[in-house]
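Q: no FASTA, just this:
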């Protein structure tokens, strides 16, 4: 006995129509940018990744029209372009918000409060993973390691860092983003929209006055190993045990207390507890290397 395709739940609808073309003025502008990108590579197909960022900067996600454009410019098939666009999570496949809010839920960030942050943000925004708020401002997603474990738990907005977060500080952050209030990352360049970020990832400079100079460098916690490698003396180290017993504290040097100016983000958390384990607060030790 055979089973029909309808009984198996298989749809045999009409083939998908070709992707619509960009308007002439948009295509002309994108072609100019695309040729500049392609000229940077000895093999044109090597330009595919930045070209996908370019078309993403136009519409906020990689559309079928964008993939067809990339295929045309690089003499590739749409299947080749689609295979790349669907492999990398940095390329969005559906409309998304002006601000991509990514919560790291990898091991260290998770145990330091990342899981709690992600759960509370979903409830606060009324969206699930990969979904966008009704006003089109914020797309929420959980992301893999941001290589910023010394600042856990970490949240990123359009790939800019917001360190040492808590559910309360992140809820204030997304509320400010949706209301259009100024938001400053803990480290990195000033925040811009996702489309603007995509254009920079395509290889075009950040032309905002002072943006490049403001990008700074790695934070103090990330530079401890470098200072030790140079032979600089290790600073005082304070360890506060959870049982309240005696602790190892060197008194020959004063303990460094970060001043407010060292926390550059307008949304820095107070760093006083791990939200995922409130019964055992894990306050920060003195910053090593300071």
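A: Nice, thanks for sending it over. Note that the structure is a prediction, hence the values are computed from the model and not measured.

Q: need the strands for the stretch 1-150 of the chain, in chain order.
A: 99-104, 131-132, 138-143 (DSSP state E, counting those that start in this stretch).

Q: starting at the chain centroid, how far to the second one?
A: Between the mean C-alpha location of strand 131-132 and the chain-wide mean there is a distance of 15 Å, by C-alpha atoms, centre = their mean, to the nearest Å.

Q: looking at the strands of the stretch 1-150 of the chain, which is closest to residue 178?
A: Minimum separation from residue 178 across the strands of the stretch 1-150 of the chain (C-beta to C-beta) falls at strand 138-143, 6.2 Å. For glycine as for every other residue, the C-beta is placed from the backbone atoms N, C-alpha and C.

Q: for the helix or strand just after the closest one, the averaged confidence score.
A: Where DSSP states H and E defines the elements, the next helix or strand beyond strand 138-143 is strand 155-157. Strand 155-157 shows a mean pLDDT of 94.

Q: you'd agree residue 84 is up against residue 51?
A: No - judged on C-beta atoms under 8 Å, residue 84 makes no contact with residue 51 at a distance of 9.9 Å.

Q: compare those two (neighbour count), which wins?
A: Per other C-beta atoms under 10 Å, whichever of residue 84 and residue 51 has more neighbours is residue 51, with 27 against 18.

Q: which one is that one nearest to, not counting chain neighbours?
A: residue 70 (4.7 Å; C-beta to C-beta, 6 or more residues apart in numbering).

Q: again with residue 192
A: In space, residue 192 is closest to residue 158, 6.7 Å off (C-beta to C-beta, 6+ apart).

Q: could you identify which of the strands of the stretch 1-150 of the chain is most buried?
A: A comparison of the strands of the stretch 1-150 of the chain by mean neighbour count, using mean count of other C-beta atoms under 10 Å, puts strand 99-104 on top with a mean of 25.

Q: for that one, name the packing helices and strands.
A: Under the contact criterion of 3 or more C-beta pairs under 8 Å, 6 or more residues apart in numbering; DSSP states H and E, strand 99-104 touches helix 115-125, strand 138-143, strand 155-157, helix 167-179.

Q: looking at this protein, which helix is longest?
A: Ranked by number of residues, the top helix in the chain under DSSP state H is helix 24-38.

Q: which elements pack onto it?
A: Short answer (3+ C-beta pairs under 8 Å, 6+ apart): helix 24-38 packs on helix 48-59, helix 64-74.

Q: who wins for proximity to residue 172 among those?
A: Among those, if distance is taken as C-beta to C-beta, the winner is helix 48-59, at 28.4 Å.

Q: list the contacts of the most centrally placed residue in the chain.
A: The residue lying closest to the centre of the chain (C-alpha atoms, centre = their mean) is residue 159, at 3.3 Å. Counting by C-beta atoms under 8 Å, 6 or more residues apart in numbering, residue 159 makes contact with 100, 197.
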